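Q: Could you look at this predicted model? Sequence included:
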Amino acid sequence: MTTYSLIHNGTLINGTGDEPLLNAAILIKDNEIVEVGEENLITLPDDEIKMVDAGGMFILPGFIDTHVHVMTDGFKDEDTLYDPLSLFFYKGAENLRKTIEAGVTTIRDAGLADLGVKMAVEQGLILGPRMLISVMPLSITGGHFDFWRASGFDIKVSYPGFPEHICDGIPEVRKRVREILRCKADFIKVMVTGGVISANDSPEYTQFTVEELKVMVEEGKNHDNIKVMAHGHGAEGIKNALKAGVHSIEHGSYLDDEAIQIMVDQGTYLVPTFIAMIYNKKSAESGDLQEWAVKNALEIVDIHRDNVKKAYEAGVHIAMGTDCGVIPHGINLEELGFLCDMGMSAEEAIVAGTKTAAECIGYDDEIGTVEKGKLADIIICKKDPIAHIKSLGNPDNIILVMKDGKIVKDLRN
């Protein structure tokens, strides 16, 4: 049975960068937007219509976080050591709820969420955003995402069906990629450098060779053109990934001019994750970060901001991503304010979290803007986000969330 909904009495910011539309209305048929415009110009069907009054507030597309880890809360060794495996999944369900209630209706999980978690959301068993998964990031031995510790213990989550991810040399890399794809990954995630909070390396360390990375890109192309997203801080590791043809660079802390130019030339996306850098620094200053991570967390923030700004000014495509999971869940849209602190306008930051993010994950035909023919992923926020972009970072200001035509959060009453 066909159902119609009409969101009306609000100001529309449609995600394309267009000027806000006053007195806007969006007509939705089932889960699809069928008409958008001024309310008095919308042609209404004769069928019964569910009226959704925006109350004079602001209507936007559901946001897209292109870099999260919904299955973890800080990557703490003790969680894996002491918690029952079942708790891992229940915590993931709670993190998914926090994420969608923050106004994020689609995520690209950058590691640890498997097909079963995605299916649970799709089947309505748990509340969460639309998910694209990478299952497990690929890492070299001793690299970022090798959970072996000096104690001799391997502190990684493991259960039947969850793939191995450590690989060295072309034959092993090819096998691991195929195993990840067998687990129905939507993206291939690879660590091409060390990380800020790694126990075994540092952000500048180069990991994987160009030849190994080319194998990942090749295997992805052979499997329905699945793209590669590359965690990268150090310039050499990033350039290796770019030479291999990866789709997006995550973080980009030590980007240099050469890397930036390659990204511009190739149309590579950059996902800066400012919020993770800033929260890691706060944790280091408060003594809440592991000892081995403190120096990197304190040093990298200003370097990262300056180099991402160079990339932005050069015209690199920037998509919103947060690395929530490294930092708390449910604060995803604070990233928009940090994008503006770097130099974006509020309008540009909103586009980075909607239209550009949808392009980055290959879903721009379906989501990312409030336009005819798109899926009805829509939020209503209390304050004008153009004037008060940082208000979006507070989930209490996200009054209504609609995903795929269904209201999943409603604070209007």
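A: Right, received. Where do you want to start? Residues are numbered from 1 along each chain as shown.

Q: for the stretch 251-400 of the chain, what spans make up the helices?
A: For the stretch 251-400 of the chain, the helices defined by DSSP state H, counting those that start in this stretch occupy 257-266, 274-286, 294-314, 334-342, 346-352, 355-361.

Q: Distance check, the most centrally placed residue in the chain against residue 50.
A: The residue lying closest to the centre of the chain (C-alpha atoms, centre = their mean) is residue 66, at 2.1 Å. Residue 66 sits 31 Å away from residue 50, taking C-beta to C-beta, to the nearest Å as the criterion. Every C-beta, even on glycine, is put in place using the N, C-alpha and C of the backbone.

Q: quick one: buried residues of the lowest-mean-pLDDT helix or strand in the chain?
A: Within the chain, confidence by mean pLDDT, DSSP states H and E is lowest for helix 77-82 among all helices and strands, at a mean of 87. Buried residues in helix 77-82, counted by 16 or more other C-beta atoms under 10 Å: 77, 79, 80.

Q: Does the first one touch residue 156 like I think?
A: By that I understand residue 77. No - taking contacts as C-beta atoms under 8 Å, residue 77 lies outside contact range of residue 156: 10.0 Å.

Q: Mind listing the shared neighbours of those two?
A: Taking C-beta atoms under 8 Å, 6 or more residues apart in numbering as the criterion, residue 77 and residue 156 both touch residue 147.

Q: Am I right that residue 112 is in contact with residue 69?
A: Yes - when contacts are counted by C-beta under 8 Å, residue 112 is listed as touching residue 69 (5.7 Å).

Q: Against residue 111, how distant is the residue lying closest to residue 183 once chain neighbours are set aside?
A: Nearest residue to residue 183 in three dimensions, chain neighbours excluded: residue 135, at 4.8 Å (C-beta to C-beta, 6 or more residues apart in numbering). As judged by C-beta to C-beta, residue 135 and residue 111 stand 7 Å apart.

Q: Format the buried residues of helix 77-82 as CSV; extra columns: distance to residue 38.
A: CSV is the format used below for those (distance: C-beta to C-beta, whole Å):
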residue, distance to residue 38
77, 56
79, 51
80, 54
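
Q: Endpoints of stretch 335-351, how far apart?
A: Criterion C-alpha to C-alpha, to the nearest Å; first-to-last residue distance in stretch 335-351 is 13 Å.

Q: Now do that stretch: distance to the chain's middle.
A: The chain centre lies 16 Å from the centre of stretch 335-351; the measure is C-alpha atoms, centre = their mean, to the nearest Å.

Q: contacts for it?
A: Residues contacting stretch 335-351 (C-beta under 8 Å, 6+ apart): 13, 15-17, 60, 65, 272-275, 278, 305, 308-309, 312-313, 318, 320-322, 352-353, 385-387, 389-390, 392-393.

Q: Quick one, which of these are buried?
A: By 16+ other C-beta under 10 Å, these give 13, 15-16, 60, 65, 272-275, 278, 305, 308, 312, 318, 320-322, 352-353, 385-386, 389-390, 392-393 as buried.

Q: pretty sure residue 303 is in contact with residue 254, am I right?
A: Yes - shown here, residue 303 and residue 254 form a contact pair, counting by C-beta under 8 Å, at 6.7 Å.

Q: Compare the two and say which is more crowded by neighbours.
A: Each of residue 303 and residue 254 has its neighbours counted (other C-beta atoms under 10 Å); residue 254 has more, 20 against 15.

Q: Next, find the distance separating that one from residue 241.
A: In terms of C-beta to C-beta, residue 254 sits 13 Å off from residue 241.

Q: So for the two, which residues contact both of them?
A: Counting by C-beta under 8 Å, 6+ apart, no residue touches both residue 254 and residue 241.

Q: List the residues that contact the closest residue to residue 105 other than its chain neighbours.
A: Nearest non-adjacent residue to residue 105, counting by C-beta to C-beta, 6+ apart: residue 62, 2.9 Å away. Going by C-beta under 8 Å, 6+ apart, residue 62 touches 103-106, 129, 354, 367, 377-379, 401-403.

Q: and with 10 Å instead?
A: By C-beta atoms under 10 Å, 6 or more residues apart in numbering, the contact set of residue 62 is 15, 100, 103-106, 129-130, 353-354, 367-368, 370, 375-379, 401-404, 408.

Q: likewise residue 374?
A: 14-15, 26, 31-33, 36, 61, 358, 363-368 are the contacts of residue 374 under C-beta under 10 Å, 6+ apart.

Q: Residue 325 now?
A: Residues near residue 325 by C-beta under 10 Å, 6+ apart: 67-75, 92, 95, 99, 109-113, 276.

Q: ok so, going back, so of the buried ones among the contacts of stretch 335-351, which ones are in strands?
A: 60, 65, 318 (DSSP state E).

Q: how about the residues you listed in CSV, adding distance to residue 124 and pLDDT?
A: Listed next are those as CSV, based on distance: C-beta to C-beta, whole Å; pLDDT from 0 to 100:
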residue, distance to residue 124, pLDDT
60, 24, 98
65, 21, 99
318, 33, 98
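
Q: With distance to residue 191 added, can I get these in TSV?
A: As requested, those are exported to TSV (distance: C-beta to C-beta, whole Å):
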residue	distance to residue 191
60	33
65	19
318	21
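
Q: Could you give the average pLDDT over stretch 306-316?
A: On average, the pLDDT along stretch 306-316 is 98.

Q: Not counting it itself, show me its contacts.
A: Here stretch 306-316 has contacts from 233, 235, 249, 251-257, 259-264, 267-270, 272-274, 277, 317-318, 338-339, 341-344, 348, 352, using C-beta under 10 Å, 6+ apart.

Q: re earlier: which neighbours do residue 135 and residue 111 share?
A: Listed as contacting both residue 135 and residue 111 by C-beta under 10 Å, 6+ apart are 165, 189.

Q: wait, the residue nearest to the centre of the chain sits on residue 354?
A: No - using C-beta atoms under 10 Å, residue 66 makes no contact with residue 354, being 11.2 Å away.

Q: what do these two both touch?
A: Residues touching both residue 66 and residue 354 (C-beta under 10 Å, 6+ apart): 106, 319, 320.

Q: nearest to residue 298, of those?
A: Distance to residue 298, by C-beta to C-beta, is smallest for residue 320 among those, at 24.7 Å.

Q: What does that closest one show for phi and psi?
A: Note on residue 320: backbone dihedrals following degrees, to the nearest 10 are phi -70, psi 130.
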